[in-house]
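Asker: Below are the sequence and a predicted model; questions follow.
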Amino acid sequence: RSWTKPDFFTSSCKGIFALPMPMKTDYYECAYLPEDSKWKTWADLLPSFTIAPDTPFSNIVVPNNYTAQYNFMIHLLVPRKKHVLMCGPTGTGKSVYVYNSITSGLPQDKFKSLTLGFSAKTSANMTQDIIDGKLDKRRKGVYGPPQGQHCIIFIDDLNMPEVETYGAQPPIELVRQLIDNGGWYDLKEKSWKHIIDSSLIAAMGPAGGGRNSVTPRLLRHFNLFCFSEFDDNTLRRIFVTIVQWHFSAFPSDVKSMADPIVDATLDTYRAAMKSLLPTPQKSHYTFNLRDFSRIIQGVLLCKPADGFNKAALIRLWSHEALRVFGDRLVDDNDRNWFHRHIELTCSTKFSAGFYDVFKHLDFDGKKHVSANDMRSLYFGDFMSSDDSKLYTEVKDMTELNMKMEEYLADYNQQSRKPMDLVMFGFAIEHISRVSRILKMPGGNALLVGVGGSGRQSVTKLAAFMAGYNVFQIEISKNYGNAEWREDLKTILK
């Protein structure tokens, strides 16, 4: 832990390169390209990048120095049949970078990708069946990808399988046997199967929090790359590129807010990581880069519309920050701290007065907007009666209440099990939150509350408002894998 980074300029290494490196601080800033006989910085290796119109947010990957480094190393190692392991915290994009590299970065006529993800319940048999099912028989006892291709087996969450009684992880031991011995036994014929022309790429997070340590007997085969948390400049480059792309059709006062929006989100993310620490009572106070991207994703739900200006954008950003960070907070001290942080952000990042932006929430005329008043800040797409479904602010609370009653009446007319609900403030808040999550691609929600607090009712009504069907799994004492698969079949028919 006391290791200090060497100073490459004043080190004891003397001498000059025949081709000097374009180095500013250390030797890791550039790479030598033999085909060009030149040193290149990572920025020089980045392709020109434009985001295609209507690209889903989750599919946007902005090239940066990190992506250039990992792509360079994967293209260096994989064609030479070397095994690669990517390790880093959750939310840093390991899976996306690897998947993009092996599916679009490498020539598909020479490389065939095979992707599988490990979970706590993955077994050795499941792993073997998935890999065997994607390989062709070359000759007796020898299997591999189609002739002339090389198979890249990408395993996500390598260290997730649970440890059995005697300390082993069967899927990992099977993978180790594949690398060590070049195959495994056929479970039906009990004969040895050679697997040829294949190499492994794996991704995993550091041990802890449900992830286990992986045996060194497997790790010794891999070239290990560590994904670190992105530095602030890289995060700014990634998200400013995305926000500017989205705001290209907006008025000039909104366009100019791309940098402040990203700076405010970054500041909020860093402040939450520093001040909202997990404790036994607040074990869910764990934040990662996915929370950062969810705020930006929420801001990108807006569309150019009349009256959408700088103040409306600040309110939208505050709403998304409250949904992503604020909804996790469990006591008033934390909520008040977060409210003060948003107040400060309005003045420092957006150069706007907090009260001027949110004065319509001051229903009592006390010249101050409190954390409790901010509960009346609503954005949603459920107020429009036509098909446009614009994600807009809801300012009229009476109209909102009437709209919710209207949705409830429509639901009760169509449902076999009508719900007798009273649309009070908390219920409307929760319905609005679930509606926002359902609107987002890949939106998943975990509703935590005591029995009878209305989680099922809120979910059913929010799904009805979004035009979705609800399938409910009835968990019982005997509910197991077989019942789970039958339920999945029912949904996917």
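Answerer: Good, I have the coordinates.

Asker: Pull out the buried positions in stretch 158-167.
Answerer: For stretch 158-167, the neighbour count (16 or more other Cβ atoms under 10 Å) marks Leu158, Asn159, Met160, Pro161 as buried. Yep, even glycine has a C-beta here, placed from its N, CA and C like the rest.

Asker: sorry, that was for stretch 365-382
Answerer: So stretch 365-382, judged by 16+ other Cβ under 10 Å, has buried residues Val369, Ala371, Asp373, Met374, Arg375, Ser376, Leu377, Tyr378, Phe379, Gly380, Asp381, Phe382.

Asker: Now do the end-to-end distance for that stretch.
Answerer: End-to-end distance for stretch 365-382, by Cα to Cα, to the nearest Å: 29 Å.

Asker: Residues contacting it, please?
Answerer: With Cβ atoms under 8 Å, 6 or more residues apart in numbering as the test, stretch 365-382 has contacts from 301, 315-316, 318-319, 322, 332, 335-336, 338-339, 342, 354-355, 358-359, 361-363, 389-394, 397, 400, 403, 407, 425, 429, 432, 435-436, 439, 465.

Asker: What's the local residue count around Arg436?
Answerer: 23 (other Cβ atoms under 10 Å).

Asker: Need the pLDDT of it.
Answerer: pLDDT recorded at Arg436 is 89.

Asker: for the one 3 residues further on, same thing?
Answerer: Predicted confidence (pLDDT) for Lys439: 86.

Asker: Quick check, it in contact with Met465.
Answerer: No. Taking contacts as Cβ atoms under 8 Å, Lys439 lies outside contact range of Met465: 10.0 Å.

Asker: Pick out the residue nearest the middle of this structure.
Answerer: Taking Cα atoms, centre = their mean, the centroid of the chain lies closest to Arg290, which sits 4.4 Å from it.

Asker: remind me which residues of the stretch 201-350 of the chain are low pLDDT?
Answerer: For the stretch 201-350 of the chain, no stretch has pLDDT under 70.

Asker: if you go through it in chain order, where are the strands?
Answerer: Using DSSP state E, counting those that start in this stretch, the strands of the stretch 201-350 of the chain run over 222-226.

Asker: cool, and the stretch 351-493 of the chain?
Answerer: 378-380, 392-394.

Asker: Local confidence estimate at Asp180?
Answerer: 92.

Asker: Look up how far Gln128 lies from it.
Answerer: 15 Å (Cβ to Cβ, to the nearest Å).

Asker: between those two, which one's more packed in?
Answerer: Gln128 (20 against 13).

Asker: Give me the helices and strands touching the helix or strand that contains that one, please.
Answerer: Using DSSP states H and E, the element containing Gln128 is helix 124-133. In terms of contacts (3 or more Cβ pairs under 8 Å, 6 or more residues apart in numbering; DSSP states H and E), helix 124-133 is packed against strand 111-117, helix 170-181.

Asker: What separation do you get for the nearest residue to Phe250 once chain neighbours are set aside and Val243?
Answerer: In space, and not counting its chain neighbours, Phe250 is closest to Pro304: 5.2 Å by Cβ to Cβ, 6 or more residues apart in numbering. Pro304 sits 14 Å away from Val243, going by Cβ to Cβ.

Asker: try Phe222
Answerer: Phe222 is 37 Å from Val243, by Cβ to Cβ.

Asker: of the buried residues of stretch 365-382, closest to Gly205?
Answerer: Closest approach to Gly205 among the buried residues of stretch 365-382 (Cβ to Cβ): Phe379, at 32.6 Å.

Asker: Could you check how far the helix holding Gln128 is from the centre of its chain?
Answerer: In this view, helix 124-133 has its centroid 27 Å away from the chain centroid, taken as Cα atoms, centre = their mean, to the nearest Å.

Asker: Same check on stretch 214-228?
Answerer: 23 Å.

Asker: mind listing what's buried in that stretch?
Answerer: Buried residues in stretch 214-228 (16+ other Cβ under 10 Å): Val214, Leu218, Leu219, His221, Phe222, Phe225, Phe227.

Asker: what residues are up against the first one?
Answerer: With Cβ under 8 Å, 6+ apart as the criterion, the residues that contact Val214 are Leu158, Asn159, Gln169, Ile172, Met204, Ala207.

Asker: Mind putting the helices and strands packed on helix 124-133 into TSV with distance to Leu45?
Answerer: Listed next are those as TSV, based on distance: least, Cβ to Cβ, whole Å:
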stretch	distance to Leu45
strand 111-117	20
helix 170-181	30
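
Asker: before we move on, back to that, with neighbour numbers in mind, choose between Pro304 and Val243.
Answerer: Val243 (21 against 12).

Asker: which residue sits closest to that one, ignoring its sequence neighbours?
Answerer: Ala258 (4.3 Å).

Asker: Next, find the distance separating the one you found from Glu164.
Answerer: Distance from Ala258 to Glu164, by Cβ to Cβ: 51 Å.

Asker: Same question for Thr115.
Answerer: 25 Å.

Asker: Strands of the stretch 1-150 of the chain, start to end?
Answerer: Counting by DSSP E, counting those that start in this stretch, the strands of the stretch 1-150 of the chain are 30-33, 38-41, 83-87, 111-117, 136-139, 142-144, 150-156.

Asker: a markdown table please, covering these and showing mean neighbour count, mean pLDDT and distance to Glu486.
Answerer: Formatted as a markdown table, the strands of the stretch 1-150 of the chain follow (neighbours: other Cβ atoms under 10 Å; pLDDT from 0 to 100; distance: least, Cβ to Cβ, whole Å):
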| stretch | mean neighbour count | mean pLDDT | distance to Glu486 |
| --- | --- | --- | --- |
| strand 30-33 | 16 | 85 | 52 |
| strand 38-41 | 15 | 85 | 55 |
| strand 83-87 | 22 | 92 | 36 |
| strand 111-117 | 17 | 91 | 22 |
| strand 136-139 | 12 | 90 | 32 |
| strand 142-144 | 18 | 92 | 32 |
| strand 150-156 | 22 | 92 | 26 |
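
Asker: So which of the ones you listed is nearest Val470?
Answerer: strand 111-117 (26.6 Å).

Asker: now what about the closest one, what contacts it?
Answerer: Taking contacts as Cβ under 8 Å, 6+ apart, the residues outside strand 111-117 that touch it are 78, 99, 102-103, 127, 130-131, 134, 145-146, 149-157.

Asker: go again using 7 Å as the cut-off
Answerer: 99, 102-103, 130-131, 134, 145-146, 149-157 (Cβ atoms under 7 Å, 6 or more residues apart in numbering).

Asker: again, but for stretch 135-154
Answerer: 78, 98-99, 102, 110-115, 131, 191-201.

Asker: ok, back up a step: neighbour-wise, which of Lys439 and Met465 wins?
Answerer: Using other Cβ under 10 Å, the more surrounded residue of Lys439 and Met465 is Met465, with 23 against 18.

Asker: Surely the more buried one and Leu438 touch.
Answerer: No. Using Cβ atoms under 7 Å, Met465 makes no contact with Leu438, being 8.4 Å away.

Asker: can you count the residues close to Asp331?
Answerer: The burial count for Asp331: 10, using other Cβ under 10 Å.

Asker: measure Ser293 to Pro161 for me?
Answerer: Ser293 is 28 Å from Pro161, by Cβ to Cβ.

Asker: swap that for Gly442, sorry
Answerer: 24 Å.

Asker: Same question for Asn288.
Answerer: 22 Å.

Asker: of the buried residues of stretch 158-167, closest to Ser283?
Answerer: Met160 (19.4 Å).

Asker: if we can go back for a sec, ok, now which ones touch the residue nearest to Val243?
Answerer: Val240, Val243, Gln244, Phe247.

Asker: rerun that using 10 Å as the cut-off
Answerer: Phe239, Val240, Thr241, Ile242, Val243, Gln244, Trp245, His246, Phe247, Ser248, Phe250, Val299 (Cβ atoms under 10 Å, 6 or more residues apart in numbering).
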